[in-house]
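**Q** below: sequence and its predicted model.
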Amino acid sequence: MAIDRDATLRWIELFAAQIELHREQLVQLDAAIGDGDHGTNMNRGMQRSLEKLRATEQADPSAVLKTVAMTLISTVGGAAGPLYGTLLLALASGLAGHAEVDLPTYAAAWRASVDGVQARGGAQLGDKTMVDALVPAVDALEQATDLSAGLQAAAAAAEQGMLATTPLEARKGRASYLGERSVGHQDPGATSTYYLLESAAEAFAS
Ligand SMILES: [Mg+2]
């Protein structure tokens, strides 16, 4: 299975479906340590992204991701829109010019994207943010020698990173205002990020 335009479209469709399915879970997680809008916002952004993708022809994987990034930036409020936008825009730029993307190119583009998210949001590993799911996932992808197995490993690492946010005290974003009271809650951004990686594993493995 190659990473081409159609597989990239399938990835985005699967991610949108995961967000829709888990909208209420993401709302509940964000209500516990934030303002409770993550599920609603991400669902709106992904549904709008699907509409844009259906309305316009996308030339390659990079074009698909750029369309989604721009849509999330313009439709998702709070921190999630700009951060997911930064992630997917950087991924789009790392894949630019490739009709089919190989594993080394894909892994390098993901690393640059995660670096971009960290530069934008200022979060380090352990701050209880989406970075806690992203960094282990990209570490796993970089060590892979096979695309499908690498994405499965990346999704598993993202899941572990997501689960590991529960005992952490938030140091970035709205949750950090809660201090110690943020302990004991799974981070909503790390959770939606896990769905992004899980969707990628499914889309590019079948
Ligand atoms: Mg929120």
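**A** Sure thing, it's come through.
**Q** around the ion, which positions in the chain sit nearby?
**A** Residues of the chain lying close to the ion (Cβ under 5 Å from the ion) are 30, 34-35, 37-38, 78. For the C-beta atoms, the positions are set from N, CA and C on the backbone; glycine is no exception.
**Q** the nearest residue to Ala79 once chain neighbours are set aside: neighbouring residues, count only.
**A** Nearest residue to Ala79, sequence neighbours excluded (Cβ to Cβ, 6 or more residues apart in numbering): Gly173, at 5.7 Å. Around Gly173 there are 24 other residues, counting by other Cβ atoms under 10 Å.
**Q** Gly173 touches Asp132, doesn't it?
**A** No. Contact criterion Cβ atoms under 8 Å: Gly173 and Asp132 do not qualify, at 11.9 Å.
**Q** shaky segments in the chain?
**A** Applying pLDDT under 70 to the chain flags the ranges 1, 206.
**Q** helices of that one, start to end?
**A** Secondary structure of the chain (DSSP state H): helices at 5-21, 23-33, 38-55, 61-75, 80-95, 103-121, 131-143, 147-163, 188-203.
**Q** and the first one, which residues are buried?
**A** The reference is to helix 5-21. Residues 5, 7-16, 18-19 are the ones in helix 5-21 that count as buried (16 or more other Cβ atoms under 10 Å).
**Q** which one of these is nearest to the ion?
**A** Ile19 (14.0 Å; Cβ to the ion).
**Q** now do that closest one against Tyr84, distance only.
**A** 11 Å (Cβ to Cβ, to the nearest Å).
**Q** so what sits against both of these two?
**A** Residues touching both Ile19 and Tyr84 (Cβ atoms under 8 Å, 6 or more residues apart in numbering) are Met42.
**Q** residue farthest from the centroid of this protein?
**A** Here the chain reaches farthest from its C-alpha mean at Glu180, the gap being 26.1 Å by Cα atoms, centre = their mean.
**Q** I figured it hits Glu169, correct?
**A** Yes. In this structure, Glu180 is within contact of Glu169 by Cβ under 8 Å, at 5.9 Å.
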